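Engineer: Next input, structure requested:
(chains A, B and C)
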Amino acid sequence: MTLSAVVAPATSDGPAPRRGTIGGSSSARLGAASGITLGTAVLWLSLLVLLPLAAVIAKSTAGGWTGFWHALTAPGAAQALRLTILSALAVTAINAVMGTLIAWVLVRDDFPGRRLVEVLIDIPFALPTIVAGLVLLALYGPTSPIGVNLLGTQRAVAFALLFVTLPFVVRTVQPVLIALDTEAEQAAASLGAGRLATFRRVVLPVILPAVVSGAALAFARAMGEYGSVLLISGGVNHARVSSMYAFQQIQNADYAGASATATVLLVVSLLVIVTLDVIQRRAARRG
Amino acid sequence: MTMNLMRTRRGRTAAALTLASVAAIGVSGCSAGGSSNKAKVNIVAYSVPKAAYDALEAAFQKTSQGKGVTFSESFGPSGTQSKAVASGQPADYVGFSLQSDLTKLVPKFVATGWDATPTKGMVSDSVVVIVVRKGNPLHITGWDDLIKPGVKIVTPDPASSGSAKWNILAAYTHVIADGGTDPQAQAYLKAFFKNVVSKPSSGANATTTFTQGTGDVLISYEDEAISARQKGAALDYLIPRESILIENPAAVTLTAPQAAKDFLAFALSADGQQIFASKGFRPVVPGVSPSVVEGANDPANPFPSVAKLTTIEQLGGWSAVNKTYFDPTAGVVTKIENSVG
Amino acid sequence: MASRLAAAPRLGLRAVALGYVALLVLLPLAVVVWRTVRQGGSAFWAAISSAQAEQAFRLTAIVAGSAVVLNTIFGVAVAILLTRYSFPGKRVFSVLIDIPISISPIVVGLALVLVYGPYDGWFGASLHSAGIDIIYAVPGMVLATTFVSLPLVVREIVPVIEDEGFEQEQAARVLGAGAAQRFRRITLPTIKYALAYGVVLSIARSIGEFGAVKVVSGDISGSGQTQTATLLVDARVEQLEPGAYQVSLVLIAVAVVAIVVVSMIRPKEERA
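Structural biologist: Have a look, this model is predicted:
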């Protein structure tokens, strides 16, 4: 399973030039049937996605800016937000590097069991989050067979987030590396450039958009993650992330408080989507 | 990205595998049972009595009134469950941790006069206990040991959990019961909260958090401690010298079928109370004495009396208690919680 | 190509990459599988065949199945609209469809409750008086699951249609073929494998949804329940009941099958 088409349609595209791109001149005008279809699709999207998300923002701003700020700076909310943002940043940085490295090894190296590794990398994406949580608890909790007990620590939260964000950068970078023509690297090598310099100046610029796309998605996922962190955080207050805080507020029927935190998470998600779209447009223009 | 249009065995095998997996999930979910024409009872309850209600349902279904009746259950923090029913979660039988979570539903969902019964609407009792790791490694003997530095306490969040409120009241009133003053009780509570490392959303959640390894001490219901030990958890509990009498109410809703009313009556019958007792709850009906309760400290004498037992009545009833102690802005406990942060 | 990397750094990189994946993914999985296997076959059977478990699996199948069907219809329709037609707001529409990929499941649940909740929801209040229950009932769970896997089918099909180009369809249109005919005989065969790919991704995602359904469901077990397989795992862990590992193993197996199926549909990418 690769995420490439889902994750960043443009950067996943091979070297073949795209015909009939969105907005291309060969597109037809809307007829009656297609018009109705579009209307239905837009209506469905609104009822399912847009209106509910608007409701979250509306609820959080119902008390004006002061109400919103008050809800965000409630002790539990602020603490959770801080932990969430810092963990997400750290985890994204680590998996951006490791993801690129893994993609490199998968593409440029050959070893027995590569198929297995490909499957393993997709597991965090395909696994239900609560099962991931149980899986992590089994290894890093109090019953750990290797004696590592991270229950209730912020490190445990980071581990869980590392787990679920692993596939993103790997899967965005892999197709780009596959499509990359090694001629430029060979030329650089023959001119005497070291491996690291070659990587930095020849390969990196090409894969950078893919790395950033993957990192953006990883960041959004890490910010909003719930199921896999739930068990390993052990219910300890300082290991509680924003999604857990929002859930608790929903249970306490404090919808305003939940919505305030939710709005922050939502804004991050939207920024990520916009970033991806910008990268995709730039790559399409260049490509 | 060009898709390879090979109509290979791979493609067909892939499709077959997919269908097989989906079918497997669907088939595994298909049981032979069809829908019953008999009544269905929706139980919405607080988080800890699942084992008791499972047993009650099974026993009830063996009676003539209960034959063919099916149940659906929802367990969660008492406050949350009460709000859920108030927001539309379907319920026929509601059982909460404390009386005010039930009175919130009167008169819109539960008839007034639900508590005009010999047991004043209660179906089970308990007391607040201190749960420790097996062998009591920290040698906790009572409330005052809990505020020693370095003792990590697990107790649920009073914003959602009923258990939490009972616990906090017990912690507070133990000072009064020993002859202390309100300022002294507040000072104790402040030190108590400083030692709290985890505030899970419900009593059951708190037990799980504790058994998973968080904290040194768990404050909980006596029935929850017994129930956890029945499930094999490695913990001990002690009944402190001063505690509070926990009284759990239950009622049927306005839209409940006759089966729900029968079930409530069964819960209050001698048989029902016996089942509650076997799961660690103190019976509310006189004359019910459980033979042996596994998991209790002394299975032959599972419900010892508490030296200094405070009751909610003595404190003025739940509405007064909620106002004085748990009011979101001016409550005594709320203020202390916020000051500790 | 492998020969391009000199031996020592290649082995070093390989060791780091594989070690990381092993530590992060393989090891925890192995522990769970081992523990479940060690608990034995009868424990496994009891855990997944109890009435509660069977209901949970059945509900998962219903909810996931409904979500996948809805998203497939939506996905195919939208893919064609995006690639074959032009209309104002097309770019915005395309971006909006991607939103569910990056949203926290708790936000999804909260959003649906705020609009479709039975007493305070924007629409939910009127729906409830009309007797239609969405939140705390199966429809709400279908909505939540549909939300989180919305873009998966669209995003698989769009590049394929785009790559295929217009010639065949234009020729068909000139020759008088109607839209339905064009779809059936030209578009559908083209997108067959991408569609299967997207559907399998959706199935896996829908089966695995947890946070959003937890918020909208009320987590009711027993008859008339709203407890899916994932919620069952959570409930068993929370209630200290046995059988969480066993249900998890089933879900892990489903995930692995999905990954393998998808890797078989999609051919191996050409090596550089």
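Engineer: Against B:Lys261, how distant is the residue lying closest to B:Val123 once chain neighbours are set aside?
Structural biologist: Nearest residue to B:Val123 in three dimensions, chain neighbours excluded: B:Ala250, at 4.3 Å (C-beta to C-beta, 6 or more residues apart in numbering or on different chains). To be clear about C-beta, it is placed using only N, CA and C from the backbone, and glycine gets the same treatment. According to C-beta to C-beta, to the nearest Å, B:Ala250 stands 12 Å off from B:Lys261.
Engineer: between these two, who's got more neighbours?
Structural biologist: The neighbour comparison of B:Ala250 against B:Lys261 (other C-beta atoms under 10 Å in any protein chain shown) goes to B:Ala250, with 23 against 16.
Engineer: In whichever helix or strand the more buried one is part of, which residues are buried?
Structural biologist: Taking DSSP states H and E as the definition, B:Ala250 sits inside strand B:242-252. Of all the residues in strand B:242-252, those buried under the rule 16 or more other C-beta atoms under 10 Å in any protein chain shown are B:242-252.
Engineer: still on that earlier bit, wouldn't the residue nearest to B:Val123 be in contact with B:Gly121 here?
Structural biologist: Yes. Between B:Ala250 and B:Gly121 there is a contact at 7.3 Å, judged by C-beta atoms under 8 Å.
Engineer: Report how many residues lie close to the nearest residue to A:Leu120 once chain neighbours are set aside.
Structural biologist: Leaving out its chain neighbours, the residue that sits closest to A:Leu120 by C-beta to C-beta, 6+ apart is C:Val25, at 4.8 Å. By the criterion of other C-beta under 10 Å, C:Val25 has 24 neighbours.
Engineer: Does C:Val25 touch A:Val119 like I think?
Structural biologist: No. Applying C-beta under 8 Å as the test, C:Val25 and A:Val119 come out as separate, 9.6 Å apart.
Engineer: what's the residue nearest to A:Ala28 when sequence neighbours are not counted in contact with, if anything?
Structural biologist: Distances taken as C-beta to C-beta, 6+ apart put C:Tyr85 closest to A:Ala28, at 5.3 Å, once the chain neighbours are dropped. Contacts for C:Tyr85 (C-beta atoms under 8 Å, 6 or more residues apart in numbering or on different chains) come out as A:27-30, A:34, A:38.
Engineer: Drop anything exposed from those residues.
Structural biologist: A:27, A:30, A:34, A:38.
Engineer: for those, which one is nearest chain B?
Structural biologist: A:Ser27 (20.1 Å; C-beta to the nearest C-beta).
Engineer: and the residue nearest to the closest one when sequence neighbours are not counted, backbone torsions?
Structural biologist: Spatial nearest neighbour of A:Ser27, excluding adjacent residues (C-beta to C-beta, 6+ apart): C:Ser86 at 4.0 Å. Note on C:Ser86: backbone dihedrals following degrees, to the nearest 10 are phi -120, psi 140.
Engineer: Quickly note the distance from C:Ser86 to A:Ala28.
Structural biologist: 7 Å.
Engineer: one step back: the contacts of C:Tyr85 in helices, which ones?
Structural biologist: Residues from these lying in helices, with DSSP state H as the criterion: A:34, A:38.
Engineer: quick check, nearest of the contacts of C:Tyr85 to B:Pro149?
Structural biologist: Comparing the contacts of C:Tyr85 against B:Pro149 with C-beta to C-beta places A:Leu38 closest, at 66.6 Å.
Engineer: I figured that closest one was touching A:Arg29, is that so?
Structural biologist: No. Contact criterion C-beta under 8 Å: A:Leu38 and A:Arg29 do not qualify, at 11.6 Å.
Engineer: Name the residues contacting each of those two.
Structural biologist: Shared contacts of A:Leu38 and A:Arg29 (C-beta under 8 Å, 6+ apart): C:85, C:87.
Engineer: Closest residue of the stretch 1-150 of chain A to chain B?
Structural biologist: Residue of the stretch 1-150 of chain A nearest chain B, by C-beta to the nearest C-beta: A:Pro142 (3.5 Å).
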